[in-house]
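# Below are the sequence and a predicted model for it; my questions follow.
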Amino acid sequence: MLKNITVSCAPHISQPLSTRRVMVDVIIGLVPAIVAAGYYFRIYALILIPTCVISAVATEWLCNLIRKKPNPLESLGDFSAVVTGIILALSLPPGLPIWTAVIGSAFAIAVGKMVFGGLGANIFNPAMVGRAFLTACFGVLMTTWTVPATIDTTMPKIAADNKVHARTQATPLAWSKQAIKTKKGAHAVNAQFKSTFTGEIGGCLGETSALALFIGGLYLIVKRTINPHIPLAVLISTVVFANIGSMINPNAYIRPMSHLCSGGMLLCVFFIATDPVTAPLTIKGMWIFGIGVGTITMLIRIVGEYPEGVMYAILLMNAVTPLIDRFCKLVPAGGEPNV
Amino acid sequence: MLNMKINTKGRFTFPGGTHPPQSKDLTAESKIQPVPVGKQVAVMLSQHIGAVCQPLVRQGNMVQAGQKIGDCDAFVCAPVHSPITGKVKEIALRSHAVLGRSLAIVIDAYAYNPTKRPCPGFKDDLDENNYSAEQICNAVRQAGIVGMGGAGFPTRVKIEPNPRLPKETLIINGCECEPYITSDYRIMLEWTNQIIAGTKLARKASGCSKVFIGIEDNKPEAIEVMNTALKTHANNDDIKVVPVRTKYPQGGERQLIKAILKKDVPTGGIPPMIGVVALNVATVAAIAEAVVFDSPLTHRVVTVTGEAIANPGNFYVPIGTSVEELIEFCGGVTQKSAKVILGGPMMGIAIADLKTPITKTTNAVTVLTKKQIGRAKFARRQTPCIRCGRCLEVCPENLNPTKIAHAVKNNLLDVAENYYISGCMECGCCSYVCPANIELTGYIKTGKIFLAEQKKKKPE
Ligand code: SF4
Ligand code: SF4
């Protein structure tokens, strides 16, 4: 007869899903972008991505040691530090010196995540915190863009007014900023749409190839690792704003599709804005969050000084996420209880 | 119209919910078998929501099968009866799945005790107009019928007309959304006429004008059998079988009402507030037996199932039989260590004492294997909530489980209340999906207990 009877709370079965599984799925979703980065930037990608991952993981371990966790290796098992490392690496310029990347990853994990208490407690997306820190400290390094290895450097560059530089090249968004200032030249940027889509263009390591990011994002949505609300909200608000711009003056403002495929937009849409820890919980909140991210990004890109605004948009919306959550309190299915 | 193919695809459902593996194949084909009387039964004096029965017999008294042995005067109460003929050994504490330890009348069986078989006497000819509404209500009360789907609310209170809350719609719940359990399914297949008879009687008693029988579309046979049987019955124009989508917890009465009527039962309220009575198929079958044959609720169908049971099946069990005896009757267990659950794996209650008697609300005994236990939430390490929102997505009551659970964890009961902890139906969906292995439902249940204690301490 029965000897050891287990007693616990219902339910007694559970879905075979763990935080690690979720993170592994995100990593799988990032694989196309990693492959694209490897293809276009070769050795840079090979160095930068492992550097960021290793330093992120090591930082988490060190923080656990400092916090005197009984098992400092335990929290590494959920792979969230790996995800942060990869996303940070993908949002850095390929030619960034290694030491800068190490500092960035360490800052991302230590200040972006561990000071709040680790996974689940952080307010800001750690990767974006790291990137903001690097942008603030090493502005020049963070805006020096390497040309993809697949582009023949002896050929004239795509935009006519781009003075050929042996190894670096401005990003489409920088040109777009130029176009806004001079009120002409947006067409030239639009004409590069094909290269921004495939990724054969200057830019951050993993942000250039819209196609790869899109495939990865689709995988996550199909696998239901992320739900489509935030991506849709960001995409729709971006397109609306970009449309307004290009309707006002098609010479100064680039087309919506070019906006979507350039800069960190798709990486943000599928991998950063959807970071569950720093996004709202409710569906209504997700839409507010997504529309906020899209709107702020476009305001920075079109009106503001910086060519690229995704990072600041995310950080700003992260900051108001608790507020959004409070604002979007769910009403129970049966309505407010009348007690 | 008449020869139209019966549609067994369910379109109706409720928002939220999840899809745990069904695991019903273990017992779905197993016919309801009567279980012979054992040596002893322990009939709990509290098998329902409401006042606890007072014992009507004393130690040493002789009782007959079907004799009333406990009752009380309160309105919300249901008497209990002895399922066997024998001698009262004692009135003592026994383990109760919900109440911990509770008083039970322990009866030693006499040597000659015939095995009661399921009621065979139902055809398609019952005319409910032979009985008055009052008669039906009385019979239901005397037979001690309670909701047999799980909660155990006295049925008489449910069906009796109440001038303040007039009833319009009667919903018969044949969803059985819990994994593993097939008792209602077998009842629908084998006691079809009895269910329809009981439905008609309940309709008559409650004065409802519309009747829906909700069945999940993973039981197409049941839907067809019910539909076919309904065709031969007279006076059933307003009884409709509604296939509903297979999803857990479709069988929750609020969820079923939402699916069929598209109406929400108010939070913290009861179905009569929107003119609905919801009864389980096993309950209406018991009503039919009680009204027509005057026989009290002393036996019920229990699914004994789970991968650790040697011969799983559906059984017609005397109420009061101990779980141990029942498991033994099914050939025992195949493993040394396991988990014994009264009910299904989503909402059932794991018991520590195998002597726990079967009550009127026990629809299944599920025994899980060691491997399955290892995969369950509590056995895995709980990691921090990653705010993924899955629990909110599946919550059928549209609550914020993570917020409530963490409020309880941090002893912020007012926050938990503010996020409608009382609206939780404890379905377990949130715990089931959580990737961080947080036992959300457990925290919420605990929070409810804390709140109840707090309220008791300082009455307003
Ligand atoms: S499902 Fe678990 S991890 Fe996700 S939000 Fe709910 S409690 Fe947090
Ligand atoms: S909060 Fe309650 S009602 Fe909602 S999913 Fe969890 S257990 Fe079910």
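Sure thing, it's come through. Ligands and ions are numbered 1, 2, ... in the order given.

# Give the residue spans of the chain that score low on pLDDT.
No chain specified, so I'll use chain A. Along chain A, the model assigns pLDDT under 70 to residues A:1, A:149-170, A:185, A:338-339.

# my bad, chain B
In the prediction, chain B carries residues with pLDDT under 70 at positions B:1-8, B:459-460.

# Sort out which residues of stretch A:276-284 are buried, please.
A:276, A:277, A:278, A:279, A:280, A:281, A:282, A:283 (16 or more other C-beta atoms under 10 Å in any protein chain shown). Any C-beta I mention is one placed from the backbone N, CA and C, and that applies to glycine too.

# Filter the residues you listed to keep only those in contact with ligand 1.
Counting by C-beta under 6 Å from any ligand atom, the subset of the buried residues of stretch A:276-284 that neighbours ligand 1 is empty.

# Show me the helices in the stretch 351-460 of chain B, by range?
Using DSSP state H, counting those that start in this stretch, the helices of the stretch 351-460 of chain B run over residues B:370-375, B:390-394, B:401-409, B:413-418, B:429-433, B:440-457.

# a markdown table for the ones you listed, including mean neighbour count?
As requested, those are exported to a markdown table (neighbours: other C-beta atoms under 10 Å in any protein chain shown):
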| stretch | mean neighbour count |
| --- | --- |
| helix B:370-375 | 16 |
| helix B:390-394 | 24 |
| helix B:401-409 | 23 |
| helix B:413-418 | 17 |
| helix B:429-433 | 28 |
| helix B:440-457 | 17 |
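
# what's the closest of those helices to residue B:143?
Comparing these against residue B:143 with C-beta to C-beta, the closest turns out to be helix B:440-457 (31.0 Å).

# So which elements touch that closest one?
For helix B:440-457, the contact count by 3 or more C-beta pairs under 8 Å, 6 or more residues apart in numbering or on different chains; DSSP states H and E identifies helix B:401-409, helix B:413-418, helix B:429-433 as packing neighbours.

# Nearest to ligand 1, out of the ones you listed?
Each of those has some distance to ligand 1 by C-beta to the nearest ligand atom; the shortest is helix B:401-409, at 3.6 Å.

# CA atoms only: put the closest one into CSV for me.
Once non-C-alpha atoms are left out, helix B:401-409 reads as follows in CSV (Å, rounded to 0.1, in the frame of the first residue of the first chain):
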residue,chain,number,x,y,z
PRO,B,401,-3.1,36.7,-9.9
THR,B,402,0.5,37.8,-9.6
LYS,B,403,-0.4,41.0,-7.8
ILE,B,404,-2.8,39.3,-5.4
ALA,B,405,-0.3,36.4,-4.7
HIS,B,406,2.5,38.7,-4.0
ALA,B,407,0.4,40.9,-1.8
VAL,B,408,-0.5,37.9,0.2
LYS,B,409,3.1,36.8,0.3
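
# Contacts for that helix, please.
Defining contact as C-beta atoms under 8 Å, 6 or more residues apart in numbering or on different chains, one finds that helix B:401-409 is touched by A:281, B:385, B:387, B:391-392, B:395, B:413, B:415-416, B:419-421, B:424, B:430, B:438-441, B:443-444, B:446-447, B:450.

# That one versus helix B:440-457: what angle between them?
Using axes from the mean of the first three to the mean of the last three C-alpha atoms, to 10 degrees, the interaxial angle of helix B:401-409 with respect to helix B:440-457 works out to 50 degrees.

# How about helix B:401-409 and ligand 1, touching?
Yes: Helix B:401-409 is in contact with ligand 1 by C-beta under 6 Å from any ligand atom, via residue B:402.

# Figure out which of the helices of the stretch 351-460 of chain B is closest to residue A:25.
When the helices of the stretch 351-460 of chain B are compared for distance to residue A:25 using C-beta to C-beta, the nearest one is helix B:390-394, at 13.1 Å.

# Next up, the contacts around the residue in the stretch 151-300 of chain B that ligand 1 sits nearest to.
Distances between the stretch 151-300 of chain B and ligand 1 by C-beta to the nearest ligand atom are smallest at residue B:248, namely 15.9 Å. Neighbour list for residue B:248: B:17, B:18, B:19, B:20, B:177, B:178, B:179, B:346, B:427, B:429 [criterion: C-beta under 8 Å, 6+ apart].

# Can you say which of the helices of the stretch 351-460 of chain B is nearest to residue B:202?
Nearest to residue B:202 among the helices of the stretch 351-460 of chain B is helix B:429-433 (29.5 Å), distances taken as C-beta to C-beta.

# Tabulate the buried residues of stretch A:276-284 (CSV), appending secondary structure and distance to chain B.
CSV is the format used below for the buried residues of stretch A:276-284 (DSSP: H, G, I helix; E, B strand; the rest coil; distance: C-beta to the nearest C-beta, whole Å):
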residue, secondary structure, distance to chain B
A:276, helix, 4
A:277, helix, 5
A:278, helix, 8
A:279, coil, 7
A:280, coil, 8
A:281, coil, 5
A:282, coil, 6
A:283, helix, 8
